[in-house]
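> fold the stuff below for me.
(2 chains)
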Amino acid sequence: MLDIRFIRENPEKVKQGCQKKQVKVDVDRILLLDKKRRNLIQELDKLRSEQNRISSETKAVVQSHEVLPKDRLEELEGEGRENKKEIKNKEIELKKIDEEFNALMVQVPNLPLDDVPIGKDESENKVLREKGKKPKFSFKNKDYLEIAQDLDLIDVKRAAKVSGTRFGYLKNEAALLELALINFAFNKIIKQGFIPVIPPVMIKSETMEAMGYIATKKDLAERYFFEKDNLFLVGTAEQSIGPMHKDEIFEEKDLPKRYLAFSTCFREEAGSYGKDTKGILRVHQFDKIEMFSFCNPEISRKEHEFFLNLEEKLMKELNLPYQVVKNCSGDMAFPTAIQYDIETWIPSEDRYRETHSTSNCTDFQARRLNIRYRDKSGKLNFVHTINGTAFAIGRTIIAIIENYQQKDGSVLVPKVLQKYIGFKIISKK
RNA sequence: GGAGGGGUGCCUGAGCGGUUGAAAGGGAUGGUUUCGAAAACCAUUGUGGUUUAUAUCACCGUGAGUUCGAAUCUCACCCCCUCCGCCA
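Alright, predicted model coming up:
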């Protein structure tokens, strides 16, 4: 959520920001409601003040007389009753305006920072750098699914039988590869001062709302929801980690507070019918290791770069070719102010595919979650929140299989994972 | 699933329907003392809204209600805890 004061003072900036982000909101309507709201609040406060005056006067009369002066008392009580009616009416009026106001406020996205490239969709993202060597095959390389089926690593047929489309079984070395990636990432990242955590994957609807991920109908369609329990399945651990500190106040010395979470993620993939239907690139359920940081605003840009840097380090150690992309305004998530993606080289597709994403949500989430910190002078401010992928495991396994495939149909295990997995090569049984 | 208990400020914890925005203790901050520290002592210390300002309003889990007046009474909901049962 944005600060209404900011919107009030910078309406044009907000309108432009919404446009850059490809989000339609009636900012003028917000401003009008804001005006009405404030007027009403003033009137209400006056009435309430009057009510307080009446009741304290009543109290004074009651307490200063042994025998109560009936007339004066009745007069006061009558006045109070009248005034109360007016208060009630104004309250109803205010409530109506508040509801519309809040509904609109929630639709205002976080604004892109000044250095975010402007564009409408992913085609306008800016490639910052390419790293690693793309493999050159002296043989006809196969796609990961073919290899995985040959080596009995992924079973989507049976998954379809059991669960439907967009599910998969990771088997044999693929299952072990997942565990190895988890261990590798946790060992590596915990050293940087992250708290390891395995969070709940079901969260209350109000929590999901506060994180800013169900602002639109489209968002809602993307989430799994259990109506009778009022619970959502998370699409990423971020949705579970962010609200951990809801309504809490950090001491500045405790920042940044960093978490490393492993969780299963659930996505409806409602808008992607017919896209990536094959295999496990785009599935309803996958496991992911996610980094999250609560930090003070002055260092959030640096913290964000630090996250990107960690992601790149992991990729370099796995020796996978990738490129870093700065997302354009139209391709950023709703709560995001600036975002980088890492895309990993997928030889069979002859292109890079998104495997990581890291965002600085500035104070947008913190404002709604009411997460603040006390600075040196004792003042309370909202923290900034940063999130970033360590590994989206399914996609990382895809990348490993494809980039590490050998002529004889086997797959080499990346060096850094070998000590976790206990073997160097995945070959036919 | 059955039976009870409870949600108050940064934390612990009081709170007959009327100076209770809230006792007390702890913590934190500042000061005195000290070569320095600890201890001791003194002082300060909730948040948010409206307003140019003075000022004013709201907030004791959430929402509604009773009342001139609610942290305190009523109802609904949410959450937590204890015991029993069941269970990975």
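> and stretch A:164-177, end to end?
In terms of Cα to Cα, to the nearest Å, the two terminal residues of stretch A:164-177 are separated by 24 Å.
> and the residue in the stretch 51-200 of chain A that RNA strand B sits nearest to, what does it touch?
Residue of the stretch 51-200 of chain A nearest RNA strand B, by Cβ to the nearest atom of the strand: A:Gly80 (2.6 Å). C-betas here are computed from N, CA, C, even on glycine. Contacts for A:Gly80 (Cβ atoms under 8 Å, 6 or more residues apart in numbering) come out as A:Gln51, A:Ile54, A:Ser55, A:Thr58.
> quick one: A:Ile401 and A:Ile147 touch, right?
Yes - with contact defined as Cβ atoms under 8 Å, A:Ile401 reaches A:Ile147; the gap is 5.4 Å.
> more neighbours: which of these two?
With neighbours defined as other Cβ atoms under 10 Å, A:Ile401 and A:Ile147 compare such that A:Ile401 has more, 26 against 23.
> show me how far the helix or strand encompassing that one is from its chain's centre.
Using DSSP states H and E, A:Ile401 sits in helix A:393-403. Remark: helix A:393-403 is offset 24 Å from the chain centroid, using Cα atoms, centre = their mean, to the nearest Å.
> equivalent analysis for stretch A:137-157, please.
33 Å.
> show the end-to-end separation of it, please.
End to end - Cα to Cα - stretch A:137-157 spans 29 Å.
> confidence score at the closest residue in space to A:Gly279 that isn't next to it in sequence?
Among residues not flanking A:Gly279 along the chain, A:Leu145 sits closest, at 4.3 Å (Cβ to Cβ, 6 or more residues apart in numbering). Note on A:Leu145: pLDDT of 92.
> gap between A:Leu145 and A:Phe137?
Distance of A:Leu145 to A:Phe137, given as Cβ to Cβ, to the nearest Å: 17 Å.
> flag every buried residue along stretch A:153-161.
For stretch A:153-161, a neighbour-count test (16 or more other Cβ atoms under 10 Å) marks A:Leu153, A:Ile154, A:Asp155, A:Val156, A:Ala159 as buried.
> could you give the mean pLDDT of it?
For stretch A:153-161, the per-residue pLDDT averages 93.
> same deal with stretch A:306-313?
Stretch A:306-313 shows a mean pLDDT of 97 in the predicted model.
> before we move on, what about stretch A:11-21?
The pLDDT scores in stretch A:11-21 average 95.
> just the buried residues of that stretch, please?
Result for stretch A:11-21 [16+ other Cβ under 10 Å]: buried residues A:Val14, A:Gly17, A:Cys18, A:Lys20, A:Lys21.
> dump these to CSV, plus distance to A:Lys313.
Formatted as CSV, the buried residues of stretch A:11-21 follow (distance: Cβ to Cβ, whole Å):
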residue, distance to A:Lys313
A:Val14, 37
A:Gly17, 32
A:Cys18, 35
A:Lys20, 31
A:Lys21, 30
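> tell me which of these is nearest to RNA strand B?
RNA strand B has its nearest neighbour among the buried residues of stretch A:11-21 in A:Val14, at 16.1 Å by Cβ to the nearest atom of the strand.
> where does the closest residue to that closest one other than its chain neighbours fall, phi/psi-wise?
Spatial nearest neighbour of A:Val14, excluding adjacent residues (Cβ to Cβ, 6+ apart): A:Ile7 at 5.1 Å. Note on A:Ile7: its backbone torsions stand at phi -60, psi -40 [degrees, to the nearest 10].
> one more: A:Cys265?
The phi/psi pair for A:Cys265 (degrees, to the nearest 10) reads phi -120, psi 140.
> pull the contacting residues for it.
Neighbouring residues of A:Cys265 by Cβ under 8 Å, 6+ apart: A:Val201, A:Val234, A:Gly235, A:Thr236, A:Ala237, A:Gln285, A:Phe286, A:Asp287, A:Lys288.
> would a markdown table of those with secondary structure, pLDDT and neighbour count be doable?
Shown next, in a markdown table, are the contacts of A:Cys265 (DSSP: H, G, I helix; E, B strand; the rest coil; pLDDT from 0 to 100; neighbours: other Cβ atoms under 10 Å):
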| residue | secondary structure | pLDDT | neighbour count |
| --- | --- | --- | --- |
| A:Val201 | coil | 90 | 20 |
| A:Val234 | coil | 91 | 29 |
| A:Gly235 | coil | 92 | 20 |
| A:Thr236 | coil | 92 | 23 |
| A:Ala237 | coil | 93 | 28 |
| A:Gln285 | strand | 94 | 18 |
| A:Phe286 | strand | 94 | 22 |
| A:Asp287 | strand | 96 | 17 |
| A:Lys288 | strand | 96 | 23 |
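> just give me the closest of those residues to A:Ser357.
Nearest to A:Ser357 out of the contacts of A:Cys265 is A:Thr236 (Cβ to Cβ; 9.2 Å).
> measure the residue nearest to that closest one when sequence neighbours are not counted to RNA strand B for me?
Computed as Cβ to Cβ, 6+ apart, the closest residue to A:Thr236 that is not its neighbour in sequence is A:Cys265, at 5.2 Å. Distance, A:Cys265 to RNA strand B, by Cβ to the nearest atom of the strand, to the nearest Å: 21 Å.
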